[in-house]
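Chemist: Show me the folded form of this:
(2 chains)
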Amino acid sequence: MTTAPLSLTGLGFDYRARPALESISLTADAGRVHAVLGPNGAGKSTTIACAVGLLRPARGTVRIFGADPVAEHTRTAGLTGVMLQDGGLPMAARPLAVLTHLARMYADPLDVTALAERLGITGFADRTIRRLSGGQRQRVGLAAALVGRPRLVFLDEPTAGLDPQASLVVHEVIGELRADGVAVVLTTHDMADAQALADTVTIIDHGRVIAQGTPAELTAAADGAHSLRMRLPGDAPAGLAAALEAFGTVTVHGPVLTVSGDIGPAALAGLTAELAARGVRVDDLSLHGRTLGDVFLELTGRSLR
Amino acid sequence: MTEPATTPSSPASPAFRRILAQAGFEARSILRNGEQLLLSLVLPIIVLLGLSLTGILDVLGLGIGGHSPVAVATSGVLGLAIASTAFTGQAISTGFDRRYGVLRQLATTPLGTTGLIWGKLLAVLLVVAVQFALLGGIALVLGITAPVAHLAVVVAGLLGTAVMLTWGLVLAGTLRAEATLALANLLWVLMASVGGLVVAHDGLWGRLVSWTPSGALGDAMRSAVLDGAIDLRACAVMLAWTLLGLLAARRFFDFDGR
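Modeler: Numbering: from 1, shown residues only, chains lettered A, B, ... in the order given. The predicted structure follows:
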């Protein structure tokens, strides 16, 4: 029998006598990327804190390669790499000193110099953590998570605040981990990241799992699978929205019209014919299937909280 | 995939290596930090020289009791040095480490929270040893004459470090970093001036402060340096406060700090 790198079963945690996590169950498998999505305050970071043994769950079980991360901390921590949202790096130290120090906690760590080179840390290695930009700290934090050759990696918002180049490196590194058979658990707000990287997605809200599956399963689930978005030079002329209702549900936000529905080849042709008949110019037009972002908004609502 | 998916063996380094690494890292960061050096070395040295050379102890009429000013000053600054490093210094640095998530990050490595605390204790003991060597050297140059009981100094030093570090960590783990900074500095000034740490106080106040960690540490150091004896009562007071602090830390220390 193989033991999953991470398995959470009915995980619950109370904060100030109110449940922050009701019941979270998920598993992370070797060589797979599992994205945990959810609005702010949904319980993502609390889930990770319980999973790595920083918090003791009130209910349910956490197992890392079959072991309890609180009771058998040394063993589970040796197998796990964690990149926390706030970095967690001592401000007065320099990046390589921090990484060298963390490397001493492991029996067979990665070569710190090579790791720093790979993540582009060498260029700012002479500055203290205090003097680094958010994106630079983020990369040192990622290196800190990887230095112990973990078999299970938790990345809390790994691409937040990164420029496109650094973001690309993080994507590549996650791909390499996956290819090496490492289980990756990723929290992110970036739906495009999740769609591009994840093998499995769990959407959490109010401390519960509200959807779980592959990105393909989640985006294929409902009908009305397409949306066509068009931007006009000015406000939509009267009657256009009503005329386009024939092809799906129409929403208007100033010059932007969105038609959601089952838009096949015939509907697409009919729709553009309608625009031509009315002499409506369009600056920008796109048709796409449901994205993870659409699913996320449908499930968690569009209102701010 | 070549790695076995079932129960891999522990990839953590041995516990003593992890703790030594943490102790070395923390000791280096104390000795490289300007404010910590000011607090741990410069201020105690100024106090030692000031009390030894200026006759201020006589002027203030503070309890010299027939001992030489150098001996009284030395016994006082040994305790003060411990309060600087183990209490105020650790409270502030741990408070800010907590704020920046450093404690959480370290707790997710094989070091863990227990290793983190042992690492801090070792680092502080190392720095205290450096302080004692330096202050002791200066006292010798100043021509100290006292029946010093070295074992009693070591016992008082260990118990004093334990009680000061424990309560420094309680502060760091429960308050906001800025509040810890302010309170730890304020308490240092109070301990040094009226807390029975540097000089003994007469009367009711003296008896009261001798039940506090700072008064007990002061008593134990004075007894060891000036009388060449172990003050068992003071040692028991420090031990009791340490145990109380450990219970408080277990109950209230919050690694999050946000």
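
Chemist: Is any residue of the helix or strand that residue B:165 is a member of near chain A?
Modeler: Of the helices and strands defined by DSSP states H and E, residue B:165 is found in helix B:150-174. No - counting by Cβ under 8 Å from any Cβ of the partner chain, chain A has no neighbours in helix B:150-174; the shortest distance is 14.0 Å. All C-beta atoms are positioned from the backbone trio N, CA, C, and that covers glycine.

Chemist: Contacts only, for residue A:59.
Modeler: Shown in contact with residue A:59 (Cβ atoms under 8 Å, 6 or more residues apart in numbering or on different chains): A:10, A:11, A:12, A:13, A:23.

Chemist: Buried residues of the helix holding residue B:165, list them for me.
Modeler: Of the residues in helix B:150-174, those with enough neighbours to count as buried (16 or more other Cβ atoms under 10 Å in any protein chain shown) are B:152-153, B:155-174.

Chemist: now do stretch B:29-36
Modeler: Within stretch B:29-36, judged by 16+ other Cβ under 10 Å, the buried ones are B:29, B:30, B:33, B:36.

Chemist: before we move on, the earlier item: buried among the contacts of residue A:59? Make that a PyMOL selection.
Modeler: Buried subset of the contacts of residue A:59, written as a PyMOL selection, criterion 16+ other Cβ under 10 Å:
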select buried, chain A and resi 11+12+13
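
Chemist: mind listing which of the contacts of residue A:59 are in strands?
Modeler: Among the contacts of residue A:59, the members found in strands (DSSP state E) are A:10, A:11, A:12, A:13, A:23.

Chemist: For these, which two are the farthest from each other?
Modeler: Comparing every pair within the ones in strands among the contacts of residue A:59 by Cβ to Cβ identifies A:10 and A:13 as the most remote, at 11.3 Å.

Chemist: Counting neighbours, what do you get for whichever residue of chain B sits closest to chain A?
Modeler: Taking Cβ to the nearest Cβ as the measure, chain B has residue B:105 as its residue closest to chain A, at 2.8 Å. By the other Cβ atoms under 10 Å in any protein chain shown criterion, the neighbourhood of residue B:105 contains 25 residues.

Chemist: and the host helix or strand of it, what does it pack onto?
Modeler: Of the helices and strands defined by DSSP H and E, residue B:105 is found in helix B:102-107. Applying 3 or more Cβ pairs under 8 Å, 6 or more residues apart in numbering or on different chains; DSSP states H and E, one finds that helix B:102-107 contacts helix B:112-141.

Chemist: how about 10 Å then?
Modeler: strand A:80-83, helix A:95-103, helix A:134-146, helix B:90-99, helix B:112-141 (3 or more Cβ pairs under 10 Å, 6 or more residues apart in numbering or on different chains; DSSP states H and E).

Chemist: In TSV: these, plus mean neighbour count, distance to residue A:154 and mean pLDDT.
Modeler: Written out in TSV, the entries for the helices and strands packed on helix B:102-107 read as follows (neighbours: other Cβ atoms under 10 Å in any protein chain shown; distance: least, Cβ to Cβ, whole Å; pLDDT from 0 to 100):
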stretch	mean neighbour count	distance to residue A:154	mean pLDDT
strand A:80-83	28	5	94
helix A:95-103	22	15	96
helix A:134-146	23	7	92
helix B:90-99	25	20	94
helix B:112-141	19	16	95
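
Chemist: Could you check stretch A:234-242 and say which residues are buried?
Modeler: Judged by neighbour count (16+ other Cβ under 10 Å), stretch A:234-242 contains these buried residues: A:236, A:240.

Chemist: And the helices in chain A?
Modeler: Using DSSP state H, the helices of chain A run over residues A:44-51, A:73-79, A:95-103, A:112-118, A:134-146, A:164-179, A:191-197, A:215-220, A:240-244, A:265-277, A:292-300.

Chemist: So which bits of the stretch 101-250 of chain A are right by chain B?
Modeler: Within the stretch 101-250 of chain A, the positions adjacent to chain B are A:101-109, A:129-130, A:137, A:141, A:144-145, A:147-151, A:154, A:179-183 by Cβ under 10 Å from any Cβ of the partner chain.

Chemist: Which of the residues you listed are buried, as a ChimeraX select command?
Modeler: Entered in ChimeraX, the line below selects the buried ones among these, by 16+ other Cβ under 10 Å:
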select /A:101,102,103,104,105,106,109,129,137,141,144,145,147,148,149,150,151,154,181,182,183
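
Chemist: For the closest residue to chain B within the stretch 151-300 of chain A, give its distance to residue A:7.
Modeler: Sorted by distance to chain B under Cβ to the nearest Cβ, the residues of the stretch 151-300 of chain A start with residue A:181, at 3.8 Å. As for residue A:181, its distance to residue A:7 is 17 Å (criterion: Cβ to Cβ, to the nearest Å).

Chemist: residues contacting residue B:212?
Modeler: Applying Cβ atoms under 10 Å, 6 or more residues apart in numbering or on different chains to residue B:212 gives the contacts B:163, B:191, B:195, B:196, B:197, B:218, B:237, B:238, B:241.

Chemist: Surely the fifth one touches residue B:156?
Modeler: No - distance between residue B:197 and residue B:156: 11.9 Å, which falls outside the contact criterion (Cβ atoms under 10 Å).
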